[in-house]
Structure formats: C-alpha cells, structure tokens
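Engineer: I would like the atomic coordinates for the input below:
(one chain, ligands or ions: 1)
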Amino acid sequence: MLGTLLSLPAVASDGGQLAADHGCMNCHGPTAKAAPSLQSLGAKLQRKGESPEALQHLLKEMREGKKIQGHQMVSDESALAILAWMARGSR
Ligand code: HEC
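Structural biologist: Predicted structure coming up:
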C-alpha cells in the first residue's frame with residue numbers, strides 16, 4: 001500500500017491535477033457559467049501562439065483583474081503550469 005503511494009508520479013507537473021487542486025475547475029469547468037471555460041481560455045492562449053509571453057500575460061490578467069480569491073492564492077509556478085496545460089487543450 002505504502003509502496004503504491006510512493007511510486008505515484010509527481011503530480012506537480014500535471015496541470016489538470018493542479019487545476020483541480022486549486023479549485024480552478026469549480027469556476028472554469030465545462031459546465032461553468034460565471035467564468036470562461038478552460039476550453040475558451042485555452043483557445044485564447046493558442047491564438048496567441050502558446051508563447052511564454054502569452055502565459056505571463058494571462059497570469060498578469062488573473063492577478064490584476066477582478067479580485068478573485070482563486071486567482072490570488074495560486075503561486076506563479078502553479079498558475080503557469082495550469083495555463084500551459086490549458087494551452088494544450090486541457091489534456
Ligand atoms: C471563484 C471562481 C474562480 C476561480 C476559483 C478561478 N477563477 Fe479564473 N476567472 C473567474 C472569472 C469570473 C473570470 C472572468 C474575469 C473577468 O471577467 O474579468 C476568470 C478569468 C480567468 C482567466 C482569464 C484572465 C482574466 O482575468 O480575464 C484566467 C486565465 C483564469 N481565470 C484562470 C484561472 C485559474 C488558473 C484558476 C485556478 C488557479 C482560476 N482561474 C480560478 C473565476 C474563477
């Protein structure tokens with residue numbers, strides 16, 4: 001049992017897991033109404049070419065836009081990992 005737990009892959013690099021852990025899915029999930037869905041945000045990122053600059057830009061919008069707690073709590077590192085995952089079409 002313990003062996004199984006220890007052999008789990010590092011989830012820190014898994015944007016989907018991070019998004020779930022940080023509650024992003026609560027507001028941005030497929031059935032979300034109040035916030036743009038992950039798919040539409042991902043499409044926005046793809047139109048900008050998935051560049052590091054595009055990811056940084058969205059991170060900045062998250063920090064500076066409406067004060068949303070979920071946007072303020074997440075670390076830059078985790079947010080960028082989640083945004084990169086969204087840019088890949090949330091896969
Ligand atoms: C409490 C609900 C809520 C949570 C939790 C939440 N968001 Fe949002 N998010 C919103 C809303 C609402 C908007 C639209 C903001 C606007 O119109 O200015 C938004 C917008 C965004 C945007 C577009 C940038 C912008 O401000 O327009 C990104 C990117 C984003 N969220 C990413 C995330 C990520 C990543 C997480 C998890 C760390 C997250 N959000 C968690 C509600 C939420």
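Engineer: Can you name the next helix or strand after the helix or strand bottoming out on mean pLDDT in the chain?
Structural biologist: Least confident helix or strand of the chain, by mean pLDDT, DSSP states H and E, is helix 2-6 with a mean of 50. The helix or strand immediately downstream of helix 2-6 is helix 15-21, counting by DSSP states H and E.
Engineer: Run the chain-centre distance for that next one.
Structural biologist: Distance of helix 15-21 from its chain centroid, counting by C-alpha atoms, centre = their mean, to the nearest Å, is 7 Å.
Engineer: counting contacts, what elements does that helix pack onto?
Structural biologist: helix 24-28, helix 76-87 (3 or more C-beta pairs under 8 Å, 6 or more residues apart in numbering; DSSP states H and E). Bear in mind the C-beta positions are built from the backbone N, C-alpha and C, glycine included.
Engineer: if you compare those helices, which one is most tucked away?
Structural biologist: Across those, the average number of neighbours (mean count of other C-beta atoms under 10 Å) peaks for helix 76-87, which reaches a mean of 20.
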